[in-house]
Structure formats: structure tokens, C-alpha cells
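Participant: Show me how the following folds:
(one chain, ligands or ions: 1)
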Amino acid sequence: MIKVLYPGSFDPITYGHMNIIEQACNLFDEIVVAVMYNSRKTGMFSIEERVYLIDELYKDNPKVKVVYDTGATIDLAIKCNCNAIVRGLRTLSDFEYEIQMSQINKQLSENKINTISLFAESNLENVSSSMVKEILGLNKDISHYVPPLVEKAMKQKLI
Ligand code: ADP
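Facilitator: Residues are numbered from 1 along each chain as shown. Here you go, the predicted model:
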């Protein structure tokens, strides 16, 4: 049984993240989506709200579990008995960051935990949570980037 950890800030989850989760579901037995939270950074959504949105979207998918943590991703991967970390790649700048993180996490886990990179679908490679927040701030349509549940939650934040 292959269990993987998919960490990120998910503030909020987008169709880009969901595409990576879908690809991971086709490859692995269990995907632990980990909402990683930095208490010094405030986002649009609280940690509970981010977890709630992901939980709701995957409540009928037994392969997807959601957790949250404020510590190091590698410690969480080991604690959850994950075989690997999954990340999504969009651009060259993602690649540069991810290669460093994967090497650090491999060293910190004494070569036990590898990072598996999955590629963004071409129509989603420009989608990031921050981009969607910016588009909403301009009062433009975000329905191509986030599911209706997330769109509604984001609009409520603006009221
Ligand atoms: P962001 O705020 O940039 O969306 P996150 O920290 O929430 O970033 O992202 C978690 C992981 O999901 C990262 O590996 C990131 O590269 C990946 N990811 C985010 N958006 C996409 C996308 N549109 N396509 C593929 N991977 C993505």
C-alpha cells in the first residue's frame, strides 16, 4: 500500500491542487492532504476553514484524508507513515524551489522519504491560490479556477 503526503497552504484549494490530487489518486492508495500553517502568516482562510473545504470536496473519496500541521513537512510525513511526498509543478520557478526542498527533505529523513513531482495540466499551470484571490479582488469570474463551494466561501470573505 502506497501512502503519500501532499502538503501545501491551500488558501484556498483550487482546481490546480485538485488536479494533482486526482493524478495522485490514480497512482497511489492513500493521499494525505496536509494543510501546512505558518502562524506568522495570515491568509484569507483560517486553518479550520481550509481543512473544512477540502474535507467537503473529498468526503466521498475514501483515498483522500486531510490533516493540518504547523511543523516540518518531513516530520508529518514520517508521523503519518507516508512513503513519499507529492508536489505539483507548474513553472520553472516551482522546479527550482521543489528540487531544493526535495533534497533537504530526503537528507532530513535519512534518505527514507522521496518527493514525487506531478505536472500541472496545461490549462491549470497558471492557477495558484494567490492568483485566484487577486482575480476575485478585481471582481472577475473565478469559476474556472475553484469549485463552487470554494467560490462561495471566497465571496463571503469579501462581504
Ligand atoms: P499555491 O498557493 O501556490 O497554490 P500551495 O502551497 O497551496 O501553493 O501548493 C501546494 C502544492 O500544490 C505545491 O506543490 C504547488 O506547486 C502545487 N500546486 C498549486 N497549484 C497548482 C497547479 N495549478 N497545478 C499543479 N500544481 C499546483
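
Participant: Could you report the neighbour count for residue 63?
Facilitator: 15 (other C-beta atoms under 10 Å). Backbone N, C-alpha and C define where each C-beta goes, glycine included.

Participant: Can you read off the pLDDT for the closest residue to it other than its chain neighbours?
Facilitator: Leaving out its chain neighbours, the residue that sits closest to residue 63 by C-beta to C-beta, 6 or more residues apart in numbering is residue 25, at 5.2 Å. According to the prediction, residue 25 has pLDDT 98.

Participant: Could you do the one 10 residues further on as well?
Facilitator: Looking at residue 35, its pLDDT is 98.

Participant: give me the element it is part of.
Facilitator: Under the criterion of DSSP states H and E, residue 35 resides in strand 30-36.

Participant: by contact count, what packs against that strand?
Facilitator: Applying 3 or more C-beta pairs under 8 Å, 6 or more residues apart in numbering; DSSP states H and E, one finds that strand 30-36 contacts strand 3-8, helix 15-27, helix 47-57, strand 64-69, helix 73-79.

Participant: Could you dump those into TSV and include mean neighbour count and distance to residue 125?
Facilitator: TSV is the format used below for the helices and strands packed on strand 30-36 (neighbours: other C-beta atoms under 10 Å; distance: least, C-beta to C-beta, whole Å):
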stretch	mean neighbour count	distance to residue 125
strand 3-8	22	16
helix 15-27	18	8
helix 47-57	18	21
strand 64-69	18	22
helix 73-79	18	23
